[in-house]
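**Q** sequence-free structure coming up:
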C-alpha cells in the first residue's frame, strides 16, 4: 500500500512517466492549416484596432483627394480678391452682395488664406493628398519592417517625400 502524498512533496509516481500509448498521442495532435507570413500579418493587422482605424482614415483621405476637386466650385489656383483671411463658413463683402442679388455662392468651408484661396481645396489637392496618403502607408510599412536601430532611415525617407510634395505645389 502506498503512502498518502503530502502536498508540495517530491514523492513521484512512476506510472506518470510511462510512454504514451497511440490513443493518447492522437488526442494531443492538433491539425490546422499552416499560415503564411502575409496571412499571419493580415490577421494581426485586422486584430489591431488602431491600425484598422488608421487604414480607414487613410482611405477617406484618398477618396476626398480624388473626388473633392471634381465637384468643389473653387480650384487650387483660383484667388478670390476681397476674400483674404476669411474665417470658416464666412462670406466676403462681394459674396454677400451676390447673395443679396439672389445668386447662389458656395461657402468657404474652412475659410481662405492670405491670398484669397480656399483652404478646403488647398488641403485636399488631388496630387498632394493622394501622395501624402500613399507616403503615409509606405512609411508605416517601412517603420514596422525596420525594428532595428535604423529607425532614422524611414524618417528621412518620409520627410524627403513629404518635402518634395510641398515643394512641387508651391
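**A** Yes, it's here. A quick note: this is a predicted structure, and the numbers were derived from the prediction, not measured.
**Q** contacts and neighbour counts: CA atoms only from here.
**A** OK.
**Q** tell me, what residue is most central in the chain?
**A** Centrality entry for the chain: nearest residue to the mean C-alpha point is residue 54, 2.9 Å, by CA atoms, centre = their mean.
**Q** starting at the chain centroid, how far to the helix or strand encompassing that one?
**A** Using DSSP states H and E, residue 54 falls within helix 49-71. Put simply, helix 49-71 sits 8 Å off its chain's centre (CA atoms, centre = their mean, to the nearest Å).
**Q** And it, what does it pack against?
**A** helix 37-47, helix 126-145 (3 or more CA pairs under 8 Å, 6 or more residues apart in numbering; DSSP states H and E).
**Q** weakest of those helices in terms of mean pLDDT?
**A** Note on those: helix 126-145 shows the lowest mean pLDDT, a mean of 63.
**Q** and the angle from the helix holding residue 54 to helix 37-47?
**A** Put simply, helix 49-71 runs at 90 degrees to helix 37-47, going by axes from the mean of the first three to the mean of the last three CA atoms, to 10 degrees.
**Q** Averaged pLDDT, the following helix or strand past helix 49-71. What do you get?
**A** Proceeding N to C from helix 49-71, the next assigned helix or strand is helix 93-100, under DSSP H and E. Averaged across helix 93-100, pLDDT comes to 92.
**Q** buried ones in the very next helix or strand once past helix 93-100?
**A** Next helix or strand after helix 93-100 toward the C-terminus (DSSP H and E): helix 119-123. Judged by neighbour count (16 or more other CA atoms under 10 Å), helix 119-123 contains these buried residues: 119, 120, 121, 122.
**Q** Relative to residue 68, how far out is the closest residue to the third one other than its chain neighbours?
**A** Think residue 121. Spatial nearest neighbour of residue 121, excluding adjacent residues (CA to CA, 6 or more residues apart in numbering): residue 76 at 6.0 Å. For residue 76, the distance to residue 68 (CA to CA, to the nearest Å) stands at 11 Å.
**Q** What confidence value was assigned to the residue nearest to the centre of the chain?
**A** Looking at residue 54, its pLDDT reads 88.
**Q** residue ranges with poor pLDDT in this structure?
**A** 1-3, 5, 123-133, 136-170 (pLDDT under 70).
**Q** try 80 this time
**A** Residues of the chain meeting the criterion pLDDT under 80: 1-13, 28-32, 61-62, 64-66, 68-69, 76, 120-170.
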